[in-house]
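>>> give the three-dimensional model of this entry:
(chains A and B)
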2 protein chains.
Amino acid sequence: MKVYAGVDIGGTNMVCGLVSELGQVLAKVKVPTNAGEGSAAVLDRIVDMVRELEASYSGWDAGSPRIAGLGIGVPGLVDPGTGYSQYSSNLGWLDLAVRDVMEKKLHLPVVIDNDVRMYVYGEALYGAGIGSRHVLGVTIGTGIAAAYVQDGQLYYGAQHMAGEIGHFRMDGVNELCACGRIGCLETISSAGGMVRQARKALQQGEPSLLFERFNGSRLQELTAADLSNAYDRGDTLSIRVMEEAGAALGRALAYGVMMMNPDRIIIGGGGALAGERLLAPLRKELLASVLPQYAEQLEIVVAKWNDDAGIIGAAMRMKAYETSPSDYRRTGERR
Amino acid sequence: MKVYAGVDIGGTNMVCGLVSELGQVLAKVKVPTNAGEGSAAVLDRIVDMVRELEASYSGWDAGSPRIAGLGIGVPGLVDPGTGYSQYSSNLGWLDLAVRDVMEKKLHLPVVIDNDVRMYVYGEALYGAGIGSRHVLGVTIGTGIAAAYVQDGQLYYGAQHMAGEIGHFRMDGVNELCACGRIGCLETISSAGGMVRQARKALQQGEPSLLFERFNGSRLQELTAADLSNAYDRGDTLSIRVMEEAGAALGRALAYGVMMMNPDRIIIGGGGALAGERLLAPLRKELLASVLPQYAEQLEIVVAKWNDDAGIIGAAMRMKAYETSPSDYRRTGERR
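This is a model prediction of the structure:
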């Protein structure tokens, strides 16, 4: 059995996994990203993780090469064709030749891509997307982004920037986004956006069960999980914030549905842990906003491998390149 | 040289053209659709048009077959795979086997598709889309619809319903749409929508240069061309209606751009005749609504063959099927 390595570089942690050619995670390891130490240190830590997993895993076939290749999901703007991380505000990377550097360090073939595309690719082909030909996958985390997989092929667009639904400008939204613009979807519907909305309401004195525990300097400790807990205890503030978040995301996804006509939407990322609290208003607004013909055959599901889809997708992207360079080239266009 | 026939079935008229394999219109003929006479009469009139063009055109190569095949653009929901017009409210068609009927009548290979996809396919490959790999085409007419062509391939979606941007629900829009829902983009941004908005404002007594000529029973005579004329004379009502129409369409297209990342947008249909009156506010809102990275490499252009793109696209769709059935099948999936 062939084994690939997949890496998901996050703002806080990096995870590296050994993934079978069937998309099963055989082993994984997690280390802090510490992007502040510079890109060379981050890439060296990835090499260490790959070597550590390779050494510790005992399932290698006798005589066959061990890791067949490495896929890496990088946040921000990535050109999978050149293998460059073009810009990552999270990591502070600019025009970094990640693929070439890693190929030299590891003596393995490497593919890189945007982390959300890797995640959605993993879910679409090996997770909640199995059985669907047209998958729109969305990750709700610090921000919100989407990717599209049709018949097993990732869709990229002209500058590999397809899927930035987090920056859809929504009417009635007046928050400043990290991108510098006003009214982006992710300012209210991402996990971070929901927390900021709740903090703002608490500061403005809106009544809430959260007030007792989170006031003054402790306001910064409030998390999305706290919102879910308060929601379950009937807290009107938390219910309002999550319903507004779900409805705005539902409206944005309705645009995506009428534009692309997927048959399945996969909701993933940390925000998916809110479950029906977020999905119920999302589904309601989405189904009310699309023509009924779209709603009839559309499934809205949560991710199957929320923790591992990023590494599964990265590893299987490497497999896709290896097994069918021409198919990969159609979209990822490795040079 | 091979010659194909292309038909564009409209609500009022049908146009049939002879189109060279290079996408040039060699001859064309137009007849009333008269959908009220029933589908059999409409299809017979198409047969007559094809035969008439074939007989009158003198450029046939000696000894070679004349028309190589026929493509037909049908309004409404079309399944190009089965060749059925599934539903057309304009024509009153429901589950009509257009392709099979026409193949039997003409003894020619036939492909059918939605009229907007045919139009955008024609523009993308033989018109304003030349040189672009990722084309988002929009037609502004009675309604608004879009289609997407990547690397010469039409995008369909799971139920060939991709591109229904005319039914994007826009905040602040409260008009009833022909689809039965409230707030659809096309209620204010289509040619018909702009005229209805102007009529409504006139009825409500909004001051306008149009009032003298279009009041009372004459209000029904107001057309989109009248709005353009009044716009040019500085009519505040016409300027407001067209600017709102352009801005709403710009916002909707911004969602399409961030979702799909095209490098060119082609604006066509009767509404495109409004030119910069509509395009200026459209461009302004679109560019203000997308992340700047999208705007940098995006061209927004008007259609090159506004009158003929439908027949060019239909004929060239037939050529695409004939010359590369497997490529056609990837998307259109002729059975």
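>>> can you tell me the closest non-neighbouring residue to residue A:243?
residue A:281 (4.4 Å; CB to CB, 6 or more residues apart in numbering or on different chains). All C-beta atoms are positioned from the backbone trio N, CA, C, and that covers glycine.
>>> in the stretch 51-200 of chain A, which residue sits nearest chain B?
residue A:157 (2.5 Å; CB to the nearest CB).
>>> against residue A:225, how distant is the closest residue to that residue other than its chain neighbours?
In space, and not counting its chain neighbours, residue A:157 is closest to residue B:261: 2.5 Å by CB to CB, 6+ apart. Note on residue B:261: its distance to residue A:225, by CB to CB, to the nearest Å, is 34 Å.
>>> domain map for chain A?
Using automatic domain parsing, the domain parsing of chain A gives A:3-122+A:307-331, A:130-302.
>>> who are the packing partners of the helix or strand hosting residue A:321?
Using DSSP states H and E, residue A:321 falls within helix A:309-323. In terms of contacts (3 or more CB pairs under 8 Å, 6 or more residues apart in numbering or on different chains; DSSP states H and E), helix A:309-323 is packed against strand A:3-9, strand A:13-20, strand A:25-32, strand A:67-74, strand A:110-114, helix A:115-126, helix A:325-331.
>>> now the following helix or strand past the third one against strand A:13-20, angle please.
So the one you mean is strand A:25-32. Counting by DSSP H and E, the next helix or strand C-terminal to strand A:25-32 is helix A:39-56. Helix A:39-56 runs at 40 degrees relative to strand A:13-20, counting by axes from the mean of the first three to the mean of the last three CA atoms, to 10 degrees.
>>> now helix A:39-56: average pLDDT?
Helix A:39-56 shows a mean pLDDT of 97.
>>> next, the buried residues of it.
By neighbour count on 16 or more other CB atoms under 10 Å in any protein chain shown, the buried set for helix A:39-56 is A:39, A:42, A:43, A:45, A:46, A:49, A:50, A:53, A:54.
>>> which among these are in contact with chain B?
Subset of the buried residues of helix A:39-56 in contact with chain B: empty, counting by CB under 8 Å from any CB of the partner chain.
>>> could you list the residues of the stretch 151-300 of chain A in contact with chain B?
Counting by CB under 8 Å from any CB, the stretch 151-300 of chain A sits next to chain B at A:155-165, A:167-172, A:179, A:181, A:251-252, A:254-256, A:258-263, A:289-291, A:293-294, A:297.
>>> repeat the analysis, applying 7 Å as the threshold.
Within reach of chain B by CB under 7 Å from any CB of the partner chain, the stretch 151-300 of chain A has these residues: A:157-159, A:161-165, A:167-169, A:171-172, A:179, A:255-256, A:258-263, A:289, A:291, A:293-294, A:297.
>>> PyMOL command for the buried members of those residues?
Buried residues within those, by 16+ other CB under 10 Å, are selected in PyMOL with:
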select buried, chain A and resi 157+158+159+161+162+163+164+165+167+168+169+179+255+256+258+259+260+261+262+263+289+291+293+294
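>>> can you flag which of the residues of the stretch 151-300 of chain A next to chain B belong to helices?
Members of those lying in helices (criterion: DSSP state H): A:255, A:256, A:258, A:259, A:260, A:289, A:293, A:294.
>>> correct me, but the fifth one touches residue A:149?
Looking back up the chat, that one is residue A:260. No: the pair residue A:260 and residue A:149 fails to qualify as a contact (CB atoms under 7 Å) at a distance of 10.8 Å.
>>> could you list the buried residues of stretch A:97-111?
With burial defined by 16+ other CB under 10 Å, the residues of stretch A:97-111 counted as buried are A:98, A:99, A:101, A:102, A:103, A:106, A:108, A:109, A:110, A:111.
>>> alpha carbons only: can I get stretch A:282-295 in PDB?
As requested, C-alpha coordinates have been extracted for stretch A:282-295 and formatted as PDB (Å, rounded to 0.1, in the frame of the first residue of the first chain):
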ATOM      1  CA  LEU A 282     -28.400  28.700   7.800                       C
ATOM      2  CA  ARG A 283     -30.500  26.000   6.200                       C
ATOM      3  CA  LYS A 284     -33.700  28.100   6.700                       C
ATOM      4  CA  GLU A 285     -32.300  31.200   5.000                       C
ATOM      5  CA  LEU A 286     -30.600  29.200   2.200                       C
ATOM      6  CA  LEU A 287     -33.700  27.200   1.300                       C
ATOM      7  CA  ALA A 288     -35.800  30.400   1.400                       C
ATOM      8  CA  SER A 289     -33.400  32.200  -0.900                       C
ATOM      9  CA  VAL A 290     -32.900  29.800  -3.700                       C
ATOM     10  CA  LEU A 291     -35.400  28.800  -6.400                       C
ATOM     11  CA  PRO A 292     -37.200  25.700  -5.200                       C
ATOM     12  CA  GLN A 293     -35.700  23.500  -8.000                       C
ATOM     13  CA  TYR A 294     -32.300  23.900  -6.300                       C
ATOM     14  CA  ALA A 295     -33.500  23.000  -2.900                       C
END
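>>> quick one: the residue nearest in space to the middle of chain A from residue A:144, how far?
Nearest to the geometric centre of chain A sits residue A:116, at 3.7 Å (CA atoms, centre = their mean). Distance, residue A:116 to residue A:144, by CB to CB: 9 Å.
>>> quickly note the distance from residue A:5 to residue A:48.
12 Å.
>>> again with residue A:6
The gap separating residue A:6 from residue A:48 is 16 Å, by CB to CB.
>>> now tell me what touches stretch A:193-208 from outside.
The contact list for stretch A:193-208, computed with CB atoms under 7 Å, 6 or more residues apart in numbering or on different chains, reads A:186-188, A:210-211, A:214-215, A:219, A:222-224, A:227, A:235, A:237-238, A:241-242, A:245.
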